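Asker: Structure here, sequence nowhere to be found:
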Ligand SMILES: [Zn+2]
């Protein structure tokens, strides 16, 4: 049986002022449950592809992968927001695009009228 814990993962503070091991939540417990339920509903239930373990932790935060459009001029432009599931045994990280999961917030519409 696949188990995804929703405990925070100690990560570098990335200049946010948070200390390592700080237990403050970045993603609320409710949203984490929605993410995990969505992953399981979409069939993301297989064991770790590297070590075969069935225990994972959902990273308490998001990744955004910058999409490069020119190999000669790297820039920060469009990106792919994702959640990360980390294998508790070997540390393998699986990224799941929030847009593909239908978990991106709806874009705000501008109404000038
Ligand atoms: Zn693993």
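Answerer: Cool, the structure landed. The structure presented is a predicted model; accordingly, all values stated were derived computationally and were not measured.

Asker: Count the residues that sit near residue 83.
Answerer: Residue 83 has 23 neighbouring residues, counting by other C-beta atoms under 10 Å. (C-beta placed from N, C-alpha, C; glycine too.)

Asker: I figured it was touching residue 94, is that so?
Answerer: No - look at residue 83 against residue 94 with C-beta atoms under 8 Å: they stay out of range, at 9.2 Å.

Asker: so where do the helices sit in this structure?
Answerer: 29-41 (DSSP state H).

Asker: The ion contacts on that one?
Answerer: 48, 50, 51, 53, 87, 89, 90, 92 (C-beta under 5 Å from the ion).

Asker: and the residue positioned nearest the centre of the chain, bridged to which residues?
Answerer: The centre of the chain sits closest to residue 83, judged by C-alpha atoms, centre = their mean, with a distance of 1.3 Å. Counting by DSSP bridges, residue 83 is bridged to residue 96.

Asker: Quick check, pLDDT for it.
Answerer: Residue 83 carries a pLDDT score of 97 in this model.

Asker: Just the buried residues of the residues of the chain next to the ion.
Answerer: With burial judged by 16 or more other C-beta atoms under 10 Å, the buried subset of the residues of the chain next to the ion is 48, 87.
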